[in-house]
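1. The sequence and its predicted three-dimensional model are supplied below.
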Amino acid sequence: MKKMIAQGLANVDSPFGESGEKRGVINKLLLGLTPSQYLLQAFRNPFNWILGIIFAIGIPILLGRFVFGLAWATSASNDYPWGLFLGFGLFAMVPLSSSGFQLGTAVEIFGRHDLEPLERLALLNGLLGYFFAVVYLLADLGQPWRLPYPMVVSFGPAAVLFLVAWHVSTYLSVQILEVSTAFFEWIGFPAGKRGVRRITLGLTVSGIILSTLHQGALGALFTYAPGKVHPLWFSSSFQWLHFFVSSLPGGLCMVIAVSTIARKTMTWRGDRNFHANLDKVTVSLAKGACMGLATYITIKLIAIAHDNKWSYLDSGWGQWFLFEIIIGFMLPLALMTYGVNTRKMGIIRTGAFMTVFGVVLNRVNTAIITFNWKLPEREIPPWREVVISITIFAIYIVVYRFILYRLPILYRWKQQEAPELVHETVPNAAAAGIREASLIPVASYSRMTKID
Amino acid sequence: MKRRNFLKACVIGGATISLGKTNKGWASGSFDGYPEAMGVLTDTTRCIGCRSCEAACNKEQGLPEPAKPFDDKSVFEHERRPDAKAYTVVNQYEKKAPGGPVHRKIQCNHCNEPACLTSCFVNAYTKTDQGAVIYNSKVCVGCRNCMIACPFNVPGYDYESVLNPVVKKCIMCYDTRLKVGRPPACVDICPQEALTFGKRADLIKLAHERIRENPGRYYDHVYGEKEVGGTSWLYLSSTSFDKVGFDTTLNNEPIISNVKEFLGMVPMVLSIWPALFSGIHLLSKKTPHDEDGDHTDTTQEDHKS
């Protein structure tokens, strides 16, 4: 794609082509290239070859799981009912997806419009993370076609999982709506975008509530197994707080990580606004993540002190715990604090990647590695389970990239909204009275039309 | 215009939330079990490890033929657990003890406040008046949360099945026997009278009587009387229970008591968060605060909507 642009091809960033004709859906899907150009750039990308190999092996095995059953695809263990699909797929993907509600809150509730260059990326990151957590769940459930049962057939309202099911499904719909504004711009349906913008505040507030509850609820799921999770990873009073609070830096750092990758691998896709503001926004996100990390480390230590579990630190499990909290949380906190103060972006980004690693490791530790710590044998997931997990993650990457290439996430859609704006703002301004002075919304997308 | 939009947004947001709200009750304080609940007392000092209870269970529940026949003692080489093909198994402990090995039958203990029941999000489990913990496999989604929650590692999952895998465990022969007042198949067949069927309350008395009458024979504890809120299945042992495969670290509180702290927090978040964050939003709008000098107009959203 880089080469194509160097050869003088333009990005698709407006409804109209270079010569002024309106772009069709096929044209937009092919990034404004001809089919042969599109295939050429796809073949040139070595990453696509890696993905191709993963899919060639993984897709048949993923399908095989539904043909031959769970016993064929997974460890089928009665002692470890939750394997990689949930331990990694669900429990690790969800905290990394808390970015959507956090940036939504910062921008829409606290009015931090300076974070806007990454708001849509954070929302998309949230949506895809949740969506693929559900895909992992579907692969893991014994009877995935019964997934709607807790909503329509039989209710178990006292169960934490009931709350998770309801909240994840409602939050998924909220996130689809939040991201849909970008889709409506791209497809050329301004009425839909306006409709969603109108309920943005409601969506954002419900996003905070749903996120607080189900991020915590995922932790609370483990309070059902007080004797099975190792005491260093378990606390009946604080478990939900640990999961909720660690999801905050997890989500922010995931956005830093993804934006870093996107800036490197799809430089052409980000617009001037994205590239110019990325470092500044990254610093802001890193500040937030540092606060989250500091809080998390504190309550983690409080939990150990609360139940007086210090003696467990002096064991193999304790060393593993120290590895997790030092490499995954304390060191990133130090790195990011240093990076923020000295504006060293490389250090901030390293810290962010380490935090992502720390959060994933924490979830995998809680759900799989330290689970059943009293049993003599540890369970190693069989190869098919590993392959399926990797395959679903590869699909996640492909979908993520597909959307970033096309929808106005990293760039702004150039559109002539002026007539609509006049129509909209005049009655508004009259009603708003005192705010008449601000007829032109400074941070709106229409501003970009003028600059670019 | 602005206020109306804001209220509208709140209503829509609120509606979304209330979907998730439903009746998020949390389990009652403490429940000592149904007064008429039946139970079984397992006296491990009487068990000889003949495995006839395993055979009887297999026949009664129509389970598949096992890999090794029920008179094969080589299964004692490894510790086993109940699974989808065997609702009860007998394990051998203290193999080199002077008094000979100790055998212990494992099956669902039918808790008074079952963790499986409280963790199930489709409410598949039921604790019947007779004390059995049964389940409705027609609604089982297969999340296997009950297997995570069970402190005794009892429920097994039918991983082999492709189209209809469900959780499987001992139901105290509820459908075929307990419902009509008959003891479970394993109790009926036991040649040593190691298993005694009766009302749970009576069995607790009986167990303590046996300990009192024969203090040299028994370790002074009735396992299941208080563990995780009490279980319908009770055990007597000659040695301390941790030596014969029991988890002696379990609390006397039912498992759900660990979860209550979180469940109690849920209604607070649901009621406080909307007001709190909408309020912050309003405050941040009334006082345009220039964070980084980046935006000069915080009322942008009103114009957009």
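-> Yes, it's here. Bear in mind that the values here come from a model prediction, so they are computed numbers and not experimental data. Numbers count the residues shown, from 1 in each chain, chains lettered A, B, ... in the order given.
2. contacting residues around the residue nearest to B:Pro183 when sequence neighbours are not counted?
-> In this structure, B:Pro183 finds its nearest non-sequential neighbour in B:Phe197, 3.6 Å apart by Cβ to Cβ, 6 or more residues apart in numbering or on different chains. C-beta here means a position set from N, CA and C on the backbone, and glycine is covered the same way. B:Phe197 makes contact with B:38-40, B:183-184, B:187, according to Cβ atoms under 8 Å, 6 or more residues apart in numbering or on different chains.
3. Tell me which entries of those residues lie within helices.
-> B:Val187 (DSSP state H).
4. returning to that earlier point: just the element for the residue nearest to B:Pro183, please.
-> Applying DSSP states H and E as the criterion places B:Phe197 in strand B:195-199.
5. what mean pLDDT does that strand have?
-> Average pLDDT, strand B:195-199: 93.
6. What is the burial count for A:Ala394?
-> When neighbours are counted by other Cβ atoms under 10 Å in any protein chain shown, A:Ala394 registers 18.
7. Relative to chain B, how far out is it?
-> Distance, A:Ala394 to chain B, using Cβ to the nearest Cβ, to the nearest Å: 25 Å.
8. nearest spatial neighbour of A:Ile297, skipping sequence neighbours?
-> In space, A:Ile297 is closest to A:Phe329, 5.5 Å off (Cβ to Cβ, 6+ apart).
9. secondary structure class for the residue of the stretch 151-300 of chain A found nearest chain B?
-> Per Cβ to the nearest Cβ, A:Gly202 is where the stretch 151-300 of chain A lies closest to chain B, at 3.0 Å. Three-state assignment for A:Gly202 (DSSP: H, G, I helix; E, B strand; the rest coil): helix.
10. ok, which residues in the stretch 51-200 of chain B are in contact with chain A?
-> For the stretch 51-200 of chain B, the contact set with chain A under Cβ under 8 Å from any Cβ of the partner chain comprises B:81, B:83-84, B:115, B:118-124, B:136, B:139-145, B:147-149, B:151, B:153, B:155-162, B:164-166.
11. Only the buried subset of the residues you listed, as a PyMOL command please.
-> In PyMOL, a selection of the buried entries from those looks like this (16 or more other Cβ atoms under 10 Å in any protein chain shown):
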select buried, chain B and resi 81+83+84+115+118+119+120+121+122+123+124+139+140+141+142+143+144+145+147+148+149+151+153+155+156+157+158+159+161+165+166
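12. sorry, back to before: kindly state the beta-bridge partners for the residue nearest to B:Pro183.
-> Following DSSP bridges, B:Phe197 is listed with bridge partners B:Val40.
13. State the three-state secondary structure for the residue of chain A found nearest chain B.
-> Closest to chain B within chain A is A:Gly142: 2.2 Å, counting by Cβ to the nearest Cβ. Three-state call for A:Gly142 (three-state DSSP): coil.
14. A:Gly227 and B:Ala149 touch, don't they?
-> No - if you go by Cβ atoms under 8 Å, A:Gly227 and B:Ala149 don't touch, sitting 10.7 Å apart.
15. Summarise which helices and strands the helix or strand harbouring A:Asn273 is packed against.
-> Following DSSP H and E, one finds A:Asn273 within helix A:272-306. The elements that helix A:272-306 packs onto, with contact taken as 3 or more Cβ pairs under 8 Å, 6 or more residues apart in numbering or on different chains; DSSP states H and E, are helix A:116-140, helix A:239-265, helix A:331-342, helix A:345-364.
16. wait, does the second one contact chain B?
-> Which is helix A:239-265. Yes - remark: helix A:239-265 sits within contact range of chain B at A:239-240, by Cβ under 8 Å from any Cβ.
17. and that helix, what does it pack onto?
-> Where contact means 3+ Cβ pairs under 8 Å, 6+ apart, helix A:239-265 is packed against helix A:99-104, helix A:116-140, helix A:200-220, helix A:272-306, helix A:345-364, helix B:256-286.
18. Out of these, indicate the one that is most buried.
-> Mean neighbour count (mean count of other Cβ atoms under 10 Å in any protein chain shown) peaks for helix A:99-104 among these, with a mean of 28.
19. does stretch B:257-274 come close to chain A?
-> Yes - judged by Cβ under 8 Å from any Cβ, stretch B:257-274 and chain A are in contact via B:258-259, B:261-263, B:265-266, B:269-270, B:273-274.
20. now that stretch: mean pLDDT?
-> Rounded mean pLDDT across stretch B:257-274 is 86.
21. do the same with stretch B:98-105
-> 87.
22. Give me the residues contacting that stretch.
-> B:42, B:44-45, B:47-49, B:53, B:76, B:88-95, B:186, B:194-195, B:235, B:237-239, B:243-246.
23. Where does pLDDT dip in the stretch 351-452 of chain A?
-> Counting by pLDDT under 70, the stretch 351-452 of chain A contains low-confidence ranges at A:415-452.
24. So which residues of the stretch 51-200 of chain B form strands?
-> Assigned by DSSP state E, counting those that start in this stretch, the stretch 51-200 of chain B shows strands spanning B:89-93, B:102-106, B:125-127, B:133-135, B:156-157, B:167-168, B:195-199.
25. show me the contacts for the residue in chain B that chain A sits nearest to.
-> Relative to chain A, the nearest point of chain B is B:Gly142 (2.2 Å; Cβ to the nearest Cβ). Counting by Cβ under 8 Å, 6+ apart, B:Gly142 touches A:141-144, A:146, B:157, B:165-167.
26. and if you look at B:Lys243?
-> B:93-94, B:102.
27. Same question for B:Leu203.
-> By Cβ under 8 Å, 6+ apart, B:Leu203 lies in contact with B:39-41, B:196, B:234.
28. please redo it, this time with the cut-off set to 6 Å
-> Shown in contact with B:Leu203 (Cβ atoms under 6 Å, 6 or more residues apart in numbering or on different chains): B:39, B:41, B:234.
29. Please apply the same query to A:Ala165.
-> A:150, B:121.
30. and it, helix, strand or coil?
-> A:Ala165 ends up helix, using three-state DSSP.
31. Can you get me a residue count around A:Trp49?
-> 11.
32. check which helix or strand covers it.
-> A:Trp49 belongs to helix A:46-68, assigned by DSSP H and E.
33. B:Val40 is in contact with B:Leu195, isn't it?
-> Yes - look at B:Val40 against B:Leu195 with Cβ atoms under 6 Å: they come within range, at 5.4 Å.
34. Between these two, which has more neighbouring residues?
-> A direct count of neighbours by other Cβ under 10 Å for B:Val40 and B:Leu195 places B:Val40 higher, at 28 against 21.
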